[in-house]
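J.: what's the 3D shape of this:
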Amino acid sequence: MINHIDLGTVLRRTVCDLYSDLVTRPTGAAVRTGIEQQLADAEERTLTVIDFTHVGLLDFSCADEIVAKLLVTYCEPAGAAGRVPPPRDCYFLFKGVSDSHLDAIDAVLQRRGLALVAQTDDGSPLLIGTVDDGERRAWEAVTRLGRAVLADVATEVGIEEPQAELLLNGLTRRRLIMRFDEGYVAVGTGP
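T.: Down below sits the predicted model:
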């Protein structure tokens, strides 16, 4: 299931009908709560598109409250161990992210060791945040291949299957790729 959440609409519904800017930590917390309420009603496995198209300004505190804290709930940061499993199998695609939004988002992702997939203006997926070279190469291979199996990813990246499996499992825990049966699909490229 694909769930679309327009942040401008959530902002107007939860905070004030007059604003299109996401500024202040309390505003970010209110918007994140609105998003979490919508996610609570979603199916067990969902791709949620978080749409920034109707958002003007995004400050660092709102980026932290909305983007980082949402990802921390559902995704495993790089190097995390012993985390509580997420409440559901939820993946995120961020769209309508402008360059000014990207500055704040990338800063909070780097600080917290997180990553996300954003959709560019031409619809292509773009990996943003903290990923190491192996993770990036594996993610790019899955993106190029479409629905990919382990052996194909290992060949594409030029590594052995056990190493490719570790990378793919890590990308899945971080919600950057989805696993379907024995195949993998990058978030934003469709099953």
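J.: for the protein, which helix is longest?
T.: What stands out as the longest helix in the chain, according to DSSP state H, is helix 25-40.
J.: in stretch 22-39, which residues are buried?
T.: 22, 27-32, 34-35, 39 (16 or more other CB atoms under 10 Å). Any C-beta I mention is one placed from the backbone N, CA and C, and that applies to glycine too.
J.: do the same with stretch 171-181
T.: Buried-residue list, stretch 171-181, by 16+ other CB under 10 Å: 171-178.
J.: narrow those to those in helices?
T.: 171-173.
J.: what are the ranges of the helices in the chain?
T.: Ranges of helices in the chain, per DSSP H, are 7-14, 25-40, 60-63, 69-74, 99-112, 133-145, 150-157, 161-173.
J.: mean confidence for stretch 39-57?
T.: For stretch 39-57, mean pLDDT is 87.
J.: next, the angle helix 7-14 makes with the longest helix of the chain.
T.: 100 degrees (axes from the mean of the first three to the mean of the last three CA atoms, to 10 degrees).
J.: about what we covered before: can you list the buried residues of stretch 171-181 in CSV and add distance to Arg13?
T.: CSV is the format used below for these (distance: CB to CB, whole Å):
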residue, distance to Arg13
Leu171, 33
Thr172, 32
Arg173, 32
Arg174, 30
Arg175, 25
Leu176, 29
Ile177, 32
Met178, 29
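J.: check those residues against Cys62 and report the nearest one.
T.: Arg175 (20.8 Å; CB to CB).
J.: identify the spatial nearest neighbour of Leu102, chain neighbours not counted.
T.: Leaving aside its sequence neighbours, Leu102 sits nearest to Ile128 (CB to CB, 6 or more residues apart in numbering; 7.2 Å).
J.: how about residues contacting the helix or strand of the chain with the lowest mean pLDDT?
T.: For the chain, using mean pLDDT, DSSP states H and E, the weakest element among its helices and strands is helix 7-14, scoring a mean of 83. Applying CB atoms under 8 Å, 6 or more residues apart in numbering, the set of residues contacting helix 7-14 from outside is 19-20, 22, 27, 30-31, 33-35, 38, 50-55, 66.
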